[in-house]
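S.K.: Prediction below, plus the sequence it came from.
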Amino acid sequence: MFKLFAPILILLLSYPMSALTLERPDTKFKIFQFPADMVPRIDADTSDWDMVPESYVIGENELIDTVNNNPSDKNNFDVTVKVGWVNGLNRLYFLYEAYDDYWDFKDPGLEGDVFEVVVDADLSGGPLIPQLRDDFDKTYDWEDYMFHGVHAQNYHIYTPAEGKKWAMVWGCQPWVAELPYANAAYSYDFRHGENGRLILEFWITPFDYAPYEGPGRAIISTLIEDTIIGLSWTILERDEFKNTKTGFAFRSLSHKTTMYGNASDLVKFRLMPIEPQFRKPIEAQWDFSVVDMEQKLVSFKDLSYGDITSWHWDFGDGETSTEQNPIHRYSAPAAANPGGNYQYQYVVVLTVEGPEGSARMSKVWDVAVE
């Protein structure tokens, strides 16, 4: 059993989260946070994304052909990508819009135009395919396959996918590109070999651990506001330069070819807070944790938003506090005792005030210490 997981353990120890250095260290891209009541619908309708500010748009100018050094020519190919997330949903949303003077998607295999996305949400770093590991001996056995894509995932997304699955997962876990872990929709009106504009809208679920045997033991990455994840993409254009010696363009966001198989070659993306224009001036919010169940000791944490100058907590047992983050010991049943087994479940209310107004957040019976 140890032999099976040894490569993964060595990998994680070799790339501690605090020490991992990604490519383009002076560049940090942004992931737009959609409000919870504005989650984009996967239907290739771009109107859900109209709210995303221009500063989030990543265009052709950020890409470099790292294989053949083909120059960028927007008359031949042009692209914009937006990335979003929703706090509480561990998903990454993408809107891919591209113009191509020759769309190549006739081949049922890997040949054709591809949007290749690699994500490493927990910054574990290191190779995600066996061929880039230092100990790879040019043989490809079962243990190599089980390692493939486990800690970071590579999606070969066909643009467009006609008559085949929307994405090939370059790894041992094809299930990550299927519901309930991913979904995609296309919009286009061209045929193979024609020019035109493609809209691709999709979401994926990043995994800290995605094993070959299926999702039963998988660990979904937890996306946390204001943190950094590793993410990058490459656009494979196999048609634009087909009559030249270069063969195709490999347009990389990280400016490094091996981003396709080494999570340390990705770039930094920040999971942004909600933009101020989509929030109220003051919003009350809070969370809690039970410090000691036997003593009924509970720690409360203020998570409110805005310029706040005062806090008022009603703990539901007749006691109150004006501290921002109080610790409270419950010694009596709830003030509004519902009877039965619920006498130590409380309605806790936080009211916050500031120059721009006030707000309240109550939670009914979330706090239980019996």
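M.R.: Noted; the coordinates are in hand. The structure presented is a predicted model; accordingly, all values stated were derived computationally and were not measured.
S.K.: shaky segments in this structure?
M.R.: 1-19, 138-140, 142, 144, 239-247, 335-342 (pLDDT under 70).
S.K.: Work out which residue lies at the spatial centre of it.
M.R.: Geometric centre of the chain, nearest residue: residue 92, 3.6 Å, by Cα atoms, centre = their mean.
S.K.: what about it, distance to residue 206?
M.R.: With distances taken as Cβ to Cβ, to the nearest Å, residue 92 is found 6 Å from residue 206. Heads up, the C-betas are built off the backbone N, CA and C, glycines and all.
S.K.: who touches both of these two?
M.R.: By Cβ atoms under 8 Å, 6 or more residues apart in numbering, residue 92 and residue 206 have these common neighbours: 119, 223.
S.K.: quick revisit: would you check that the residue nearest to the centre of the chain makes contact with residue 119?
M.R.: Yes - assessed by Cβ atoms under 8 Å, residue 92 is found in contact with residue 119 at 6.6 Å.
S.K.: what residues are shared contacts of those two?
M.R.: What both residue 92 and residue 119 touch, as defined by Cβ under 8 Å, 6+ apart, is the set 204, 206, 231.
S.K.: Give me the subset of those lying in helices.
M.R.: Under the assignment DSSP state H, these contribute nothing to helices.
S.K.: out of those, which is most surrounded?
M.R.: residue 231 (25 neighbours; other Cβ atoms under 10 Å).
S.K.: Test of understanding: give the bridge partners of that residue.
M.R.: residue 119, residue 267 (DSSP bridges).
S.K.: Run through the residues that contact it.
M.R.: 29, 83, 92, 117, 118, 119, 120, 266, 267, 269.
S.K.: what's the nearest residue to the fifth one if we skip its chain neighbours?
M.R.: Nearest in space to residue 118, with sequence neighbours left out and distances taken as Cβ to Cβ, 6 or more residues apart in numbering, is residue 154 at 4.8 Å.
S.K.: pretty sure the one you found is touching residue 173, no?
M.R.: No - using Cβ under 8 Å, residue 154 is not in contact with residue 173, being 10.6 Å away.
S.K.: any idea how far residue 202 lies from residue 270?
M.R.: Taking Cβ to Cβ, one finds residue 202 at 21 Å from residue 270.
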